[in-house]
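Participant: Give me the fold of what follows.
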Amino acid sequence: MLGATLSETSIIHCKVIAVHPFHDVYGNEFVCVEFGLEAQKPPSVTSMPQTLPSEISAVMPVIRQIPKLFPQARQYNNRLVLYLTPKEWEIMRRKYNYGEEAQIKVDNRDGSIHLQLIGTT
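Facilitator: The predicted structure follows:
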């Protein structure tokens, strides 16, 4: 969700979608924290020709329901990815945890970013 207050600050509500180790091409180690939103899947549209035999027309509603029977993996869109060195990660008193909600504020005037876990100060 993106909202603006007097067009000066954009606010992005998201959550921690991943916390994992990361190594760059030189082997340097980082802790990667990904903030994102669950992707919104557009509705699926199935069209059928009008000239189908009645037997096929009778089973088509059942066939359309089959994908809904299987759990779908959630897909997320990254909004902010933060790479911390192991030292930076260790000295943090409050570490980010998977699933926590966060708020990202982007100052539209100077581009500064403020990240805050929701419910914390």
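Participant: Can you list phi and psi of residue 8 for me?
Facilitator: For residue 8, the backbone dihedrals are phi -100, psi -30 (criterion: degrees, to the nearest 10).
Participant: What ranges does the chain have for its helices?
Facilitator: Chain-ordered helices for the chain, with DSSP state H as the definition, fall at 54-69, 86-91.
Participant: Please pull out the lowest mean pLDDT helix or strand from the protein.
Facilitator: Between all helices and strands in the chain, the lowest mean by mean pLDDT, DSSP states H and E belongs to strand 2-5, at a mean of 46.
Participant: Buried deepest among the helices of the chain, which one?
Facilitator: Each of these was given a mean neighbour count from mean count of other CB atoms under 10 Å, and the largest, a mean of 11, is that of helix 86-91. In this view, the C-beta of every residue, glycine as well, is placed from N, C-alpha and C.
Participant: Now do the strands for the protein: every range, in order, please.
Facilitator: Taking DSSP state E as the criterion, the chain contains strands spanning 2-5, 9-23, 29-38, 76-84, 101-107, 113-117.
Participant: Tell me which of the ones you listed sits nearest to residue 59.
Facilitator: Each of these was scored for nearness to residue 59 using CB to CB, and the closest is strand 29-38 (32.4 Å).
Participant: Format the helices of the chain as a markdown table; extra columns: distance to residue 21.
Facilitator: As requested, these are exported to a markdown table (distance: least, CB to CB, whole Å):
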| stretch | distance to residue 21 |
| --- | --- |
| helix 54-69 | 34 |
| helix 86-91 | 9 |
